[in-house]
Structures are given as C-alpha cells and as structure tokens.
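Visitor: Sequence and predicted structure, then a few things I'm wondering about:
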Amino acid sequence: MTARILDWLLTAVLMLAVAASVIALAFVIIAPLAGQPLDAGYSVRLEGAPAVQSDAGGAHADIRQGSLIVTGAGLVADLFRAADVLITGALWIAAIWMLRRVCRQVATRRPFAPATAQGLILAGILILLVPAWQAVRALVWQVILLPHAPSDTILIHTFARVPEGGALRMMPDIDAGLLVAGLVLLVVAQAFRVGAEVQRDSDEIV
C-alpha cells in the first residue's frame, strides 16, 4: 500500500471519527430531553445466582451478562456521558490526525526525521490514554450508577464480594488491545528516532 493511499484512508477514517463523535454527542444531548433512558454501555455480569434461561426456536440460552440501562440517573450522569463522548472522540481524532501527519512525512521520502518519531510517540501516547480513560470512566460510572440501582436488584462494584443470593457485578470495559497498539507505536517511534540520528550523521558526512 502506497503512502498516498494510506493518507487517503486515514483522512477518511478521520472524517468518520469526527462525524461519529458529533452524532454521538448530539444523541447524548437529545436523549434526556426526549425522555430516553441512559444506556451507560456498562457491562454487568450475574454472579452467585442461576443464570436467566431462555428457550426460543429450539435454542437454549443461559444469560449471565448484558448492558446496564438506567432511568432517572440525573443530570450528573447525563453530563458525564457527554464528557465521555467528548474525551473519547478527542483522543481518537487526535491519534488519527497524528498518524496522518506521520504518513505525510513518510510520503516525502525522508521518513527518518525527528518529526516522524515525535508524531509516532504522540500517537502512541494518545492511544494509550484511551484505555486509561476507560479505566477512569469505569470507576466514575460505578460511583454515579450504584445509588440508582433498582430496589429489587443487587448491584455491586467490580471488586465487591458477592452477597448471598447473587448480584449483578459491574464490569469495566477496557480494551487491552489498545495498550498493545500504543506500546507498539512507541517502540516503532524509538526505531525511527534512531534512524533519524543515523540519517542526520549521514547528511553531515555527505
């Protein structure tokens, strides 16, 4: 794949990321005004109790996990949901933007330049910040949502002991693959940094 095609692809992905962030933010703002329940997108897992069973069409299912949907969580939950969309979108947009800049630097046929290494480092850090934010988001969501658990449902935080009779455990959604991707970019950035130093020494000799 040529650098020009990759640049086009990254530009398309960047535009999609911006559009998706704007649409998600609009939905987060409009949903409470329309009386829609807050879908926290938070995973919960049933523990210490029999799974909910379902038989349909000859298929049998044991349902042990799902997504948490809360009504009446209040203004704080709505504001945090909007902040989550803004922060997550900003991190991805910035990371894609930096990768696009790196791609354009490579297209100049002088890839081993300090700007390339710096761009890869920034992109790697931005990608690593996404799972870091996911961990912070998980903690904040638990603080916000636990008081709004239905009276007939026992909802516990991630590290709590399961009470007698079972409970729904809140499970953080952290993408470990992004940790690997961010670290790989940092390693590649170091290789480009060394390459830039070699290129500089070569230019001085010439």
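Guide: Received the coordinates, thanks.

Visitor: tell me the contacts of the spatially most central residue of the chain?
Guide: Centroid-nearest residue in the chain, with CA atoms, centre = their mean: Val130, separated by 4.9 Å. By CB atoms under 8 Å, 6 or more residues apart in numbering, Val130 lies in contact with 88, 91-92, 95, 175, 178, 182. Placement of C-beta: from N, CA and C, glycine included.

Visitor: which of those residues has the most neighbours?
Guide: Neighbour counts for these, by other CB atoms under 10 Å, peak at Ala95, which reaches 25 neighbours.

Visitor: Now name the helix or strand holding the nearest residue to that one once chain neighbours are set aside.
Guide: Leaving aside its sequence neighbours, Ala95 sits nearest to Leu126 (CB to CB, 6 or more residues apart in numbering; 3.9 Å). For Leu126, the element it lies in under DSSP states H and E is helix 114-145.

Visitor: Please pull out the lowest mean pLDDT helix or strand from the chain.
Guide: strand 52-56 (a mean of 50; mean pLDDT, DSSP states H and E).

Visitor: hmm, who's touching stretch 189-204?
Guide: Outside stretch 189-204, the residues that touch it by CB under 8 Å, 6+ apart are 110-114, 116-118, 120-121, 124.

Visitor: In the sheet, which strands lie alongside the very next helix or strand once past the helix holding Leu126, parallel or antiparallel?
Guide: As assigned by DSSP H and E, the chain's next helix or strand after helix 114-145 is strand 155-156. Note on strand 155-156: by DSSP bridges, its sheet partners are strand 167-171 (parallel).

Visitor: So which bits of the helix or strand following the strand it pairs with are buried?
Guide: Downstream of strand 167-171, the first helix or strand assigned by DSSP H and E is helix 176-205. Neighbour counts using 16 or more other CB atoms under 10 Å place 178, 181-182, 185-186, 188-189, 192-193, 196, 199 of helix 176-205 among the buried residues.

Visitor: May I have the residues that are in contact with the closest residue to Leu186 other than its chain neighbours?
Guide: Closest residue in space to Leu186, ignoring its immediate chain neighbours: Gly124 at 4.1 Å, by CB to CB, 6+ apart. Applying CB under 8 Å, 6+ apart, we find Gly124 in contact with 182-186, 189.

Visitor: got TSV for those residues, with pLDDT too?
Guide: Formatted as TSV, the contacts of Gly124 follow (pLDDT from 0 to 100):
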residue	pLDDT
Gly182	95
Leu183	95
Val184	95
Leu185	94
Leu186	95
Ala189	92
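
Visitor: which among those residues gets closest to Arg100?
Guide: Closest approach to Arg100 among the contacts of Gly124 (CB to CB): Leu185, at 13.8 Å.

Visitor: Does the closest one touch Leu126 like I think?
Guide: No: contact between Leu185 and Leu126 fails when scored by CB atoms under 8 Å: they sit 9.2 Å apart.
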